[in-house]
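Novice: Sequence first, then the predicted structure, then my questions.
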Amino acid sequence: MRFLAFCQVSFFFATSAIAAENPSPSPAGTPAVETRPSAAPKEHLATELKGGSVLRVNSTNQSYDFFRPWSKKAPSNRRGLGAVIDGGEVLVTAELVWDSNFIELEKPDTGERATAKVAVVDYETNLALLKPNNPDFLKDLQPLDTSVAPKVGDHLSVVQLESNGTPVSTEALLTSAEVGHYVLDDYSYLLFKMSCPLQYRDNSFTLPIVQDHHLISMLLRYDPRSQTIEAISTPVIQHFLKEADHQPYQGFPSFGLSFSTTRDPQFRHYEKLSDSEGGIYVDDVEPDSPAAQADIQTGDILLSIGGKSVDPDGDYDDAQYGRVSITHFITTLSYSGQKVPVTLLRHGERKDAVVSLFHKPPQDYVIDPYVIGRAPRYLILGGLVFEELSRQYLREWGPSWQREAPQRFVYFDHYQADLFPKERKIVFLSQILPNNDTIGYPQLNYMAVERVNGQPIYRLEDLAKAMEKPVNGFHKIEFDLDPKVMYLDATKVQENAAALQKTYSLPAMRRF
Amino acid sequence: MIRSTLFGIACLAATSAVAGAISDTPKFDVHKSIVRITTTAQDPDYRVPWNPGSISTGIGAGFVIDGNRILTNAHVVSNGRFISVQRENDPRQYSGQVKFIAHDCDLAIVTVSDPNFFKTMQPLHFGPLPTIQSDVDVYGYPIGGERLSVTQGIVSRIDFESYSHSGADSHLAVQIDAAINPGNSGGPVLQNGKVVGIAFQGYSGDVAQNVGFMIPTPVIQRFLADIESGHYNRYVDLSIVPESLTNAAARRALGLPDDDTGVLVSSIESDACAAGKLEPGDVLLSIDGHRIISDQTVELDGENVDLAEVIERKLKGDKVKIDLLRNHQPLSVEIELEPNNSYLIQANIFDEYPRFVMFGGLVFQPLSKNLLEAFQIEDLRVRYFYNNFINDEIFRDHPQVILLSNILPDRVNAYLSEFRYQIVDEINGHKIRTLADVASAFDETSDFYTIKFVGASRPAVLQRTAVEEAKERIKDNYGVRVERNLGEETLR
């Protein structure tokens, strides 16, 4: 049995998500005979791209500092390759332009440059479309076609540029297509795995992968030890481009449920499932999700989705890629706004349901799974810094944030659907900027706010409103953890606000 | 093997053991009071709870006190199967028995049944808490040789300190600059011919040099008073979280004068002795007549000490009187003190065989520090339940947090591996609050056993016929001696 999810956010998936980030190394001491001969990489000049279909993309990115939400971190530069496609646009990975301040396209042969902006971005599938500010810039370039999807076993070409601008391609073998973790935790789509001896060139592994003159894929990760590529699959790119044509961009849909497998024969006997039927067990249905609206319930056994029968592992038979998780069918082969018929068993009775698909944006979660391209919200009161909990905040603890970040918050994030069934945010004290009003209080942090001046706090706006009504001249702030209560003198806090702002050089005392 | 792991905060490597001023001839004749204790212990392995455990031998010290008793550290004799006691200048070994053991303050009383043993021994007597900067002598059998060793040091600090034997208790401890090494444990620390402490823990040489800790006489005397009832009742605790009232706005908001007096009750454990007597928001003004200073201290014997010290000196059933303000009204309450139970989940367990139930190759065990460390469990929910057991009052629904701790692979459980480390919520519809509930749920006859876990809706299902068919096979394959231990088998 394993836990997977159709939905964009699966709360059971965290561990496998980590595993995907760190491809397992080959066992130490394995004799070299086992490994593929890695003699000369199959590289050649990328003649198929002679017309100029790839561009260098330079992006200056500056993310917000979630520990000091009023400021941004030091800017950094990222470099990658973008693929020119129809419609005068350039496809890149979203990672390349995360929180970008400035984007520049550069023609590899002539070195000619033009500024660009992000036209459409999808952080979940890690894809973005750039548009040059000067539409004529791409005129003489030949767009790549995106209509062809490869088969497992096909030979593909990974495109790189020499530092002098010469395109080089390296042959890659498409070894498998399966649903796997992309870039953000809990967002999984059809993933291409390829074997390919790739050299690190031109400071970048953000690369397009082509087949003849077709854009097939964008590289996500390369593991030099095992010489394997994980890349965005063609169906995901095709879905993204198709949806990008219709503004506003909707995003990839989900059911909003998590399931487990039904392979265990004792479990099948207990549930009175026949051996010939497949089916997956519905573990959890997110409130207000497409599945919830279609009245799919915990404990239902889903037998078929969109006419595709689902086997006990949660796979269906895909025309192009064989046994693939049904997640692929729901998120990628289906679109937001579509209605998908479902057959299910409830207490042994067969039922039909129709699920109307939509995408759940990150801000609709209690704890935003990501905050990219948006500024973190905060409010400072008497030196107490309040923020809304997001996974982006927790990620500030680095790659092993799940172990390093405050465990109570990691737990809140992981089990948010169970713990906080109603729509709300978690407002918390992230730190105290010591000042005259806080003398005598210990250095407190990572405590969730429950009430301020008697008013329940579900988002920062509630806090701002509650602040306006101090009780007997004091702000009473109540937390979930000891010391549970803090008092501030409302008049003094107001009087000292300007000095506090000046002392700590705060550009503003709040941002909503 | 020297049981260095039990020695203290961290043990010293044998090579770095000789330190401090060592003199061969003790100035004071303690030869007639000190004993060398050799313990053969069997430490259970929580990963194979049906096994008796690995055998190890350790050496520590002890000394004779009134009533033909030997006082030593709990960690010198815990999990002991055989204890041998030796006197100085006597080739014989005597068999010792643990009479009382206090894991929360790392003290134990050992007796020797041979009536001749104590005839020539002289009991030591206790002195007061030593003053800072005064000299003390530390006696014991640290690594580096077989014979009695003495090191000298001065008292560096007197403060609350974590007692690493239990891992969950803090009491008064005295820091001295004499090196305390494995084998010193249980040895007396003397000043002017009186015992002022028992050497019990130190830091590894990698962490800090010349830092040793001793258990001071207030803690020892409390232990001796506690066992006078014929039973060790453990420390008592108010089980409240007080907060300092040192912020001016907080004081004014609560209507308190600017007099540095009073602390605020932040939370109260609902199953402990202060529940119903104190309330969150109470401002505690004095305890047993001692004014409570706003930084959570009281003045005792001319020293400012933690407010908890007043409670620390009391015994089970003793009363404490607290004057407080509730909604600005003065109030006086009397509380009969009881030991706290829920914090024990985070304390090391000794002297009992691990509790477990095995069914269909699934091993169920109550969550404990020993279990968490044995399996190095990283599961987010398990760690959360462990760390927030008191704060979130998890003990209300789960007095014992029962984990599916291990799966002995067999075809009966081939598809259940993903359930490992989940917390059991229900079995066949019965809420599981303790390990005994697990045992009785599996004792019921049913075609299917459905095990529901906290936060997961899909149950693990075992078919009775499959479990019965697998029973002997699993026992044989994995050498499972018994299929359950619900705590009947204790060592003391």
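Specialist: It's in. On a predicted model such as this, the values are computed, not experimentally measured, just so you know.

Novice: for the stretch 1-150 of chain A, which spans come out with low pLDDT?
Specialist: A:1-51 (pLDDT under 70).

Novice: now with 50?
Specialist: The stretch 1-150 of chain A contains residues with pLDDT under 50 at A:1-40.

Novice: what about the helices in it?
Specialist: Here the stretch 1-150 of chain A has its helices, by DSSP state H, counting those that start in this stretch, at A:14-21.

Novice: Give me every residue in the stretch 351-500 of chain A lying close to chain B.
Specialist: Applying C-beta under 8 Å from any C-beta of the partner chain, we find that the stretch 351-500 of chain A lies next to chain B at A:402-403, A:407-408, A:410-411, A:414-415, A:418, A:437-442, A:472, A:474, A:476, A:481-489, A:492. C-beta coordinates here come from the backbone N, C-alpha and C atoms, glycine included.

Novice: Can you name the residues of the stretch 151-300 of chain A that neighbour chain B?
Specialist: Counting by C-beta under 8 Å from any C-beta, the stretch 151-300 of chain A sits next to chain B at A:260, A:263-267, A:269-270, A:281-284, A:298-299.

Novice: Run a quick neighbour tally on B:Val482.
Specialist: Applying other C-beta atoms under 10 Å in any protein chain shown, we find 12 residues neighbouring B:Val482.

Novice: What secondary structure category should be reported for A:His328?
Specialist: Under DSSP: H, G, I helix; E, B strand; the rest coil, the three-state class of A:His328 is helix.

Novice: contacting residues around it?
Specialist: By C-beta atoms under 8 Å, 6 or more residues apart in numbering or on different chains, the contact list for A:His328 reads A:Val179, A:Tyr189, A:Leu190, A:Pro235, A:Asp318, A:Tyr321.

Novice: rewinding a little: looking at the residues of the stretch 351-500 of chain A next to chain B, which are in helices?
Specialist: A:Gln402, A:Arg403, A:Gln407, A:Arg408, A:Val410, A:Tyr411, A:His414, A:Asp418, A:Lys492 (DSSP state H).

Novice: Make a markdown table from those and add distance to B:Glu279 and pLDDT to it.
Specialist: Listed next are these as a markdown table, based on distance: C-beta to C-beta, whole Å; pLDDT from 0 to 100:
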| residue | distance to B:Glu279 | pLDDT |
| --- | --- | --- |
| A:Gln402 | 38 | 94 |
| A:Arg403 | 37 | 93 |
| A:Gln407 | 29 | 96 |
| A:Arg408 | 25 | 96 |
| A:Val410 | 32 | 97 |
| A:Tyr411 | 28 | 97 |
| A:His414 | 33 | 95 |
| A:Asp418 | 30 | 88 |
| A:Lys492 | 29 | 97 |
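
Novice: ok, so of those residues, who is nearest chain B?
Specialist: Within those, the smallest distance to chain B is 4.5 Å, found for A:Tyr411 (C-beta to the nearest C-beta).

Novice: So what's the residue count around that closest one?
Specialist: Applying other C-beta under 10 Å, we find 18 residues neighbouring A:Tyr411.

Novice: What residues does the stretch 151-300 of chain B have near chain A?
Specialist: So far as C-beta under 8 Å from any C-beta goes, the stretch 151-300 of chain B lies against chain A at B:241, B:243-250, B:252-254, B:264, B:266-267, B:280-281.

Novice: again, only using 7 Å
Specialist: Residues of the stretch 151-300 of chain B that fall close to chain A, judged by C-beta under 7 Å from any C-beta of the partner chain: B:Val241, B:Glu243, B:Thr246, B:Asn247, B:Ala248, B:Ala249, B:Ala250, B:Ala253, B:Ser266, B:Ser267, B:Pro280.
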